[in-house]
Each structure stands twice: as C-alpha cells, then as structure tokens.
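Colleague: got a sequence here, can you model it:
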Amino acid sequence: MVLQHKPDHPGAIIGMAKVFFTAEDPEQAQAVLDTMPEAERKGEEYNSLIQSLKLLGEAAELSETDELAAEVEADPDNHQARFDLAVKYNAEGKRLEAAEALVALMKRDRTWNEDGARKKLLELFEAWGAKDPATLKGRRLLSALLFS
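Modeller: Residues are numbered from 1 along each chain as shown. Presented below is the predicted three-dimensional model:
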C-alpha cells in the first residue's frame with residue numbers, strides 16, 4: 001500500500017523484496033530492489049538482501065547437495081566440493097552447516113583459492129546479518145580458528 005502512494009519508499013521496497021525472497025521468487029525480489037533509488041541503495045537490510053540474492057544465484061549453478069556431500073566424504077581434501085557444499089547449504093537455509101563447512105575448509109588449507117573460504121564466510125555473515133545466530137556462532141568458530 002505504501003508503494004502505491006510512494007513508489008520509491010526504501011523501507012517499503014526492501015519489505016516487498018523480502019516477501020518475494022521468502023516466497024522463493026528471487027527474480028521478483030531483484031526486480032523490486034532494482035526500483036530502489038540509487039541514493040538509497042545502502043544500509044544493512046539492503047546489503048543483506050543483495051548478498052542473499054547473489055549467493056542464491058551462485059548456488060543455483062552448483063551440483064546437488066547430496067552429490068557434493070558424497071564428494072567431500074570420498075575426498076576430504078576436495079576443497080572446491082566443500083566450498084560448493086557450503087554455498088548450497090546456505091541456499092537451503094542450513095546456515096550453521098554452511099559456516100562449519102567453510103571453517104573446516106580453512107582448517108585444512110587457509111590459503112586455498114586466495115583465502116576464498118574466509119571471504120565467502122564473510123559474505124555469508126553479511127547476508128545473514130550481524131545478529132543472526134548463525135553469524136554469531138560462525139564468528140566464534142572463525143575466531144577460534146584464527147587465534148588458535
């Protein structure tokens with residue numbers, strides 16, 4: 001209703017985009033976000049939603065979760081499969097599993113893919129938001145690893 005009276009209202013645009021994202025319609029969520037005035041494309045909620053859409057798009061291009069999990073089980077040093085599995089877990093709403101997979105990858109090889117696991121974990125934290133329980137737990141896991 002707000003958008004009918006003020007189509008460029010940032011809060012209403014983000015709210016509508018979240019509705020579409022939650023309803024598993026990322027294309028429509030992106031279309032709504034694209035109507036956001038350029039000057040308003042900022043803030044934690046906006047950045048979180050943009051990052052979530054990006055991660056969902058990445059996951060769509062990957063193998064199925066079961067297949068990736070089998071690859072990791074068969075070869076625990078298959079870092080790409082573990083990384084992809086984390087991306088798929090995130091897309092399925094398995095946030096803690098995604099964080100744990102990336103931390104496990106970092107334990108095996110911190111420098112793999114130019115620190116790719118740590119960078120992806122930070123992207124996940126941004127998508128989830130600072131107060132999300134998976135972000136808080138993931139940050140503790142990351143800190144324990146980095147400072148051990």
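
Colleague: quick check: Arg118 touching Met106?
Modeller: Yes: between Arg118 and Met106 there is a contact at 6.1 Å, judged by CB atoms under 8 Å. Backbone N, C-alpha and C define where each C-beta goes, glycine included.

Colleague: Ala130: what secondary structure?
Modeller: Using DSSP: H, G, I helix; E, B strand; the rest coil, the three-state assignment for Ala130 comes out as coil.

Colleague: thinking again about what came up before, intersection of neighbour lists for Arg118 and Met106?
Modeller: By CB atoms under 8 Å, 6 or more residues apart in numbering, Arg118 and Met106 have these common neighbours: Leu142.

Colleague: helices of this protein, residue ranges please.
Modeller: For the chain, the helices defined by DSSP state H occupy 2-5, 10-22, 26-33, 44-60, 65-74, 79-91, 95-108, 112-128, 133-146.

Colleague: restricting to C-alpha, output the shortest one in CSV.
Modeller: Included here for helix 2-5 are C-alpha records, laid out as CSV according to Å, rounded to 0.1, in the frame of the first residue of the first chain:
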residue,chain,number,x,y,z
VAL,A,2,2.9,2.4,0.8
LEU,A,3,4.4,1.7,-2.6
GLN,A,4,1.1,2.8,-4.3
HIS,A,5,1.5,6.2,-2.7
